[in-house]
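Chemist: Sharing a model prediction with you, sequence too.
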Amino acid sequence: MAKIKVDLKDQSYDVQIDSDCLSGLGRLVEGEKWGRDVFLVTDPLVNDLYGDEVCRGFKSKIRVLEVPRGERYKNLKEASLLYDQLIRYGAHRDSLIIALGGGVIGDLAGFVAATYMRGINYIQVPTTLLAQVDAAIGGKTAINHVKGKNLIGCFYQPCLVYIDVKTLTTLPARELRTGLAEVVKYGVIEDADFFKFLENNSHHLNTKAFEAEDTLRAALKLWQTIVAESAKIKARVVEKDEKESNLRMILNFGHTVGHAIEALTRYRAYNHGEAVAVGMVAAAMIAQRMRMLDPEVVKRIRDLLEKLGLPIEIEGLPIGKIIQALSVDKKVREGKVQFVLPEKLGKVAIINNVSLKIIRDVLKEIGAK
């Protein structure tokens, strides 16, 4: 088991990473006394796969609250329905929410925990790679608005992030790839050696190794290493800048254009990782045009994303609409769009003076019209 501390003084917590450990969560929670009444927020598919396993670890009864699957359900209506159920079942300040699922569940359940009775305890139990390496760590909670992703939310840290990498074995190949986009991001923004490690192991980072018993153990060990290294990088950044006032913005590498793509396609044509992959390519190309980045690094980023099965171009989205979507992004400061641009592998800069011409030219080059 790997244990990584997110050191935020009185709001510190651990990220625990292991394999085949979901049934042990109950003993840990009951030992820590994080909540008297426990509510498990999840979606129907994840509940079928892992709900019973989590609940069996608790001596007391857990109420399971299901939310429909999909990014489009991360909204105020679903949050309100969860509030209704918490009130109906008598949840109080000493209750505990457990978010079991991917980033949608983690964001939504975290937002509800942050706002119900001005804040109750919650635990993140991420079951997707994307959530394990990114969304579950750092205390970002949010719901979407029709005008943009995650526009309504707050920072609210969990008591614990509890990761079982064996849940990755039930993910579709596309869902595993979407998490790899965020993993690649960490290599670009913070750790060139980690980026090289991903290049060297790219042929193993798929679902094929899960299919045979003789390769499963080695695969889970590799994924545990990847999740742990990603969590360490995320924790270091969050510790230095909990509420994204400065440094933490580097975690948005690829997200500026990526969020615009998601919003314009209503979170359906591209999933989060696919949109971020395209956004990372766009950011690298912008950096090259601004003479910040060597073309060889742009090629390495594109090549790795392609090897991992992620898109590096978009098909036919209007340039004007993408630029309009950028203007309502949370990363806009003083009317200027903030881009996270790489200077080399392992180092990025936050830039707010990218010319509209460069943005248009790059968007056209990656397939926008």
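Modeler: Perfect, thanks for sending it.
Chemist: CA atoms for contacts and neighbours, from now on please.
Modeler: OK.
Chemist: my hunch is that Tyr162 is in a helix, does that hold up?
Modeler: No. Tyr162 sits outside any helix when classified using DSSP: H, G, I helix; E, B strand; the rest coil, being strand.
Chemist: Quick one: neighbours of it, just the number.
Modeler: Residues near Tyr162, counting by other C-alpha atoms under 10 Å, number 24.
Chemist: May I have the beta-bridge partners of it?
Modeler: Counting by DSSP bridges, Tyr162 is bridged to Gln16.
Chemist: Would you agree Ala99 is in contact with Val112?
Modeler: No. Ala99 is beyond contact range of Val112, at 10.4 Å (criterion: C-alpha atoms under 8 Å).
Chemist: So if I had to pick from the two, which one is more boxed in?
Modeler: Neighbour tally, Ala99 and Val112, criterion other C-alpha under 10 Å: the higher count belongs to Ala99, 30 against 27.
Chemist: Can you identify the element that follows the longest helix anywhere in the chain toward the C-terminus?
Modeler: Criterion DSSP state H: the longest helix present in the chain is helix 213-240. Downstream of helix 213-240, the first helix or strand assigned by DSSP states H and E is helix 255-264.
Chemist: hey, where'd the strands end up in the stretch 101-250 of the chain?
Modeler: All strands of the stretch 101-250 of the chain, identified by DSSP state E, counting those that start in this stretch, fall at 121-126, 140-145, 148-155, 160-164.
Chemist: Any chance of these in CSV with mean pLDDT and distance to Asp52 as columns?
Modeler: As requested, the strands of the stretch 101-250 of the chain are arranged in CSV below (pLDDT from 0 to 100; distance: least, C-alpha to C-alpha, whole Å):
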stretch, mean pLDDT, distance to Asp52
strand 121-126, 98, 14
strand 140-145, 92, 26
strand 148-155, 87, 30
strand 160-164, 98, 15
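Chemist: Need the winner for burial among those strands.
Modeler: Most buried of those by mean neighbour count (mean count of other C-alpha atoms under 10 Å) is strand 121-126; its value is a mean of 27.
Chemist: what helices or strands is that one leaning on?
Modeler: The contact analysis (3 or more C-alpha pairs under 8 Å, 6 or more residues apart in numbering; DSSP states H and E) places strand 121-126 against strand 96-101, helix 103-115, strand 160-164.
Chemist: mind running it again at 10 Å?
Modeler: strand 13-18, strand 38-42, strand 96-101, helix 103-115, strand 160-164 (3 or more C-alpha pairs under 10 Å, 6 or more residues apart in numbering; DSSP states H and E).
Chemist: Any chance you could list what contacts whichever helix or strand comes after the first one?
Modeler: Next helix or strand after strand 13-18 toward the C-terminus (DSSP H and E): helix 25-32. Residues from elsewhere that reach helix 25-32 (C-alpha atoms under 10 Å, 6 or more residues apart in numbering): 34-36, 38, 53-60, 96, 123, 125, 159-160, 162-163.
Chemist: let's see 8 Å
Modeler: 35, 54-59, 162 (C-alpha atoms under 8 Å, 6 or more residues apart in numbering).
Chemist: thinking again about what came up before, of the helices and strands packed on strand 121-126, which is nearest Ile233?
Modeler: Across the helices and strands packed on strand 121-126, Ile233 has its closest neighbour in strand 13-18 (12.1 Å, C-alpha to C-alpha).
Chemist: I'd like the distance from that closest one to the chain centre, please.
Modeler: 16 Å (C-alpha atoms, centre = their mean, to the nearest Å).
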